[in-house]
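Visitor: need a structure here:
(2 chains)
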Amino acid sequence: AQKVTQAQTEISVVEKEDVTLDCVYETRDTTYYLFWYKQPPSGELVFLIRRNSFDEQNEISGRYSWNFQKSTSSFNFTITASQVVDSAVYFCALSEGGADGLTFGKGTHLIIQP
Amino acid sequence: EAGVAQSPRYKIIEKRQSVAFWCNPISGHATLYWYQQILGQGPKLLIQFQNNGVVDDSQLPKDRFSAERLKGVDSTLKIQPAKLEDSAVYLCASSLGGNTEAFFGQGTRLTVV
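Guide: Residues are numbered from 1 along each chain as shown, chains lettered A, B, ... in the order given. Now for the predicted structure:
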């Protein structure tokens, strides 16, 4: 069965610092998909990124970047020059090739202090 | 483009009562999901529909939970009878399928007292 582990329960940094959120996954499938979602205090989950298991290229989108390493089964998320608006709970999730449903980690609560 | 709509936003019921939640997915999205998010945890998939057929309900407590998706569009999730441990946020999501990204509604916060 698939599993997603986010070992960092809460991270607190001062604005403008860089911060990395860790995600480790387990799956027996060779075809799978990894996702990051943001959940601000309003509660709605906001999609950030999707990667498939055959594409290990790192991705950068503005201040956000993602590092996918199959060798360590990790899909880490870095925010550069953090801002107060980045404060939220961030979830890493996995779906396997035969099923769309997501398996989520427990989330990392990110607090950006001004 | 309108997002996933859910109602009600909040619901408080006594244990052993019944409750129903409604979801309207994004237009054109064939796949619809219901997730349960207990405070401090990540969402857990309860049931997945493809059009009006059930794809995965392996984690749905079928003795008390039921869900349907009439005409492959709107969906309702029902709990009868509710237990204290059912207190959670119930999230509806939809997608185009094929492991594409799911879009979530704002959720219904259920409190069972």
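
Visitor: spatially nearest residue to the most centrally placed residue in chain B, not counting backbone neighbours?
Guide: The residue lying closest to the centre of chain B (Cα atoms, centre = their mean) is B:Trp34, at 3.0 Å. Spatially, and ignoring its direct neighbours in sequence, B:Trp34 is nearest to B:Leu46 (4.5 Å; Cβ to Cβ, 6 or more residues apart in numbering or on different chains). C-betas here are computed from N, CA, C, even on glycine.

Visitor: these two touch, right, that neighbour and B:Leu32?
Guide: No - with contacts counted by Cβ atoms under 8 Å, B:Leu46 stays clear of B:Leu32, the gap being 11.3 Å.

Visitor: tell me the SS of B:Pro61?
Guide: Secondary structure state of B:Pro61, per DSSP: H, G, I helix; E, B strand; the rest coil, is coil.

Visitor: what about the strands in chain A?
Guide: A:3-5, A:10-14, A:19-21, A:24-26, A:32-39, A:46-52, A:59-61, A:64-69, A:74-79, A:88-96, A:103-104, A:108-113 (DSSP state E).

Visitor: before we move on, the earlier item: for the residue nearest to the centre of chain B, give the beta-bridge partners.
Guide: Taking DSSP bridges as the rule, B:Trp34 bridges to B:Ile47, B:Cys92.

Visitor: wait, isn't it in contact with B:Ile47?
Guide: Yes - between B:Trp34 and B:Ile47 there is a contact under Cβ under 8 Å: 5.0 Å.

Visitor: touching both of those two, which residues are there?
Guide: Shared contacts of B:Trp34 and B:Ile47, defined by Cβ atoms under 8 Å, 6 or more residues apart in numbering or on different chains, are found at B:Ala67, B:Leu77.

Visitor: quick one: name the residues of chain B near chain A.
Guide: B:31, B:33, B:35, B:40-45, B:48, B:55-56, B:89, B:91, B:93, B:95, B:97-107, B:109 (Cβ under 8 Å from any Cβ of the partner chain).

Visitor: restricted to buried residues, select those residues in ChimeraX.
Guide: Restricted to buried positions by 16 or more other Cβ atoms under 10 Å in any protein chain shown, the ChimeraX selection for those reads:
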select /B:31,33,35,42,43,44,45,48,55,56,89,91,93,95,99,101,102,103,104,105,106,107,109
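
Visitor: next step: the residues of chain B next to chain A restricted to strands.
Guide: Using DSSP E, the residues of chain B next to chain A in strands are B:31, B:33, B:35, B:44-45, B:48, B:55-56, B:89, B:91, B:93, B:95, B:103-104, B:109.

Visitor: what's across from the residue of chain A found nearest chain B in the sheet?
Guide: Of all residues in chain A, A:Phe104 sits closest to chain B, at 3.2 Å by Cβ to the nearest Cβ. Applying DSSP bridges to A:Phe104 gives these bridge partners: A:Ala93.
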